[in-house]
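>>> Below: sequence and its predicted model.
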Amino acid sequence: IGGDSDSAFRLSVNGDSSSHIGAIQFRNASAGGNTFTAGMFSATSTSALLNVVGAGNLVIKTNNTERMRIDSSGNLGLGATSVDSDIHIEKSSDIAIKLERTNSGVSTISVPSSGELHINNTSNADMVFSTNNTEAMRIQQDGTLSVGVTGDTDAKIYASRGDAGNTVFFESSSSATSGV
């Protein structure tokens, strides 16, 4: 369609390289003209476009089962048909998010069948927790916990406030408390 007889595809849609781009549009006339468009982003762009015009969702299935959904608010659902947050992942068995940097290591966030939240750094590197773009806590590769201080420490647990107040506070079920 549109004139490229040398195409190796069964259906090839070509624009005229001006304002008309190669695209396919599906329109539901009985639903007020809602449309779905698949094609090139614009006549001068190399980007592709999938567009649900209206308040519909973009749903991707494999083996006739929904795998991914982008709702009309832009929320992404993986395995979730009722997406209620920016990213919503739902699965009936163990679930994990894998973050991998080539040649540097792998970290995972997972929820096994026990319901526990696991954060795992499988590489031989520290885990750093930051707030306001400043390191607040570090779990070093040997298991040492550092709070409020950066760099190596001699203690297995090391905490520093940087002022004269209590650094560590211990409390039991009795009324006795102790600050260190």
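Right, received. Where do you want to start? Numbers count the residues shown, from 1 in each chain.
>>> Extract the residue ranges of the protein that are flagged as low pLDDT.
1-10, 15-21, 30-33, 41-43, 151-153, 161-180 (pLDDT under 70).
>>> At the geometric centre of it, which residue sits there?
residue 87 (6.2 Å; Cα atoms, centre = their mean).
>>> Skipping adjacent residues, who's closest to that residue in space?
Spatial nearest neighbour of residue 87, excluding adjacent residues (Cβ to Cβ, 6 or more residues apart in numbering): residue 76 at 5.1 Å. Every C-beta, even on glycine, is put in place using the N, C-alpha and C of the backbone.
>>> does the one you found have beta-bridge partners, and which?
Beta bridges link residue 76 to residue 70, residue 87, judged by DSSP bridges.
>>> In this structure it contacts residue 70, no?
Yes. Counting by Cβ atoms under 8 Å, residue 70 is a contact partner of residue 76 at 5.7 Å.
>>> quick revisit: who's in contact with the residue nearest to residue 87?
Applying Cβ atoms under 8 Å, 6 or more residues apart in numbering to residue 76 gives the contacts 68, 69, 70, 83, 86, 87, 88.
>>> Rebuild the residues you listed as a markdown table, extending it with distance to residue 124.
A markdown table is the format used below for the contacts of residue 76 (distance: Cβ to Cβ, whole Å):
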| residue | distance to residue 124 |
| --- | --- |
| 68 | 34 |
| 69 | 38 |
| 70 | 37 |
| 83 | 37 |
| 86 | 32 |
| 87 | 29 |
| 88 | 33 |
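>>> quick one on the thing from earlier: next one: the residue nearest to the centre of the chain relative to residue 75, how far apart?
Note on residue 87: its distance to residue 75, by Cβ to Cβ, to the nearest Å, is 7 Å.
>>> what's the answer for residue 118, then?
In terms of Cβ to Cβ, residue 118 sits 25 Å off from residue 75.
>>> Tell me which of the two has more neighbours.
residue 75 (16 against 12; other Cβ atoms under 10 Å).
>>> Quick check: nearest residue in space to that one, chain neighbours excluded?
Excluding the flanking residues, the one nearest residue 75 by Cβ to Cβ, 6+ apart is residue 83, at 4.4 Å.
>>> Many thanks, have a good one.
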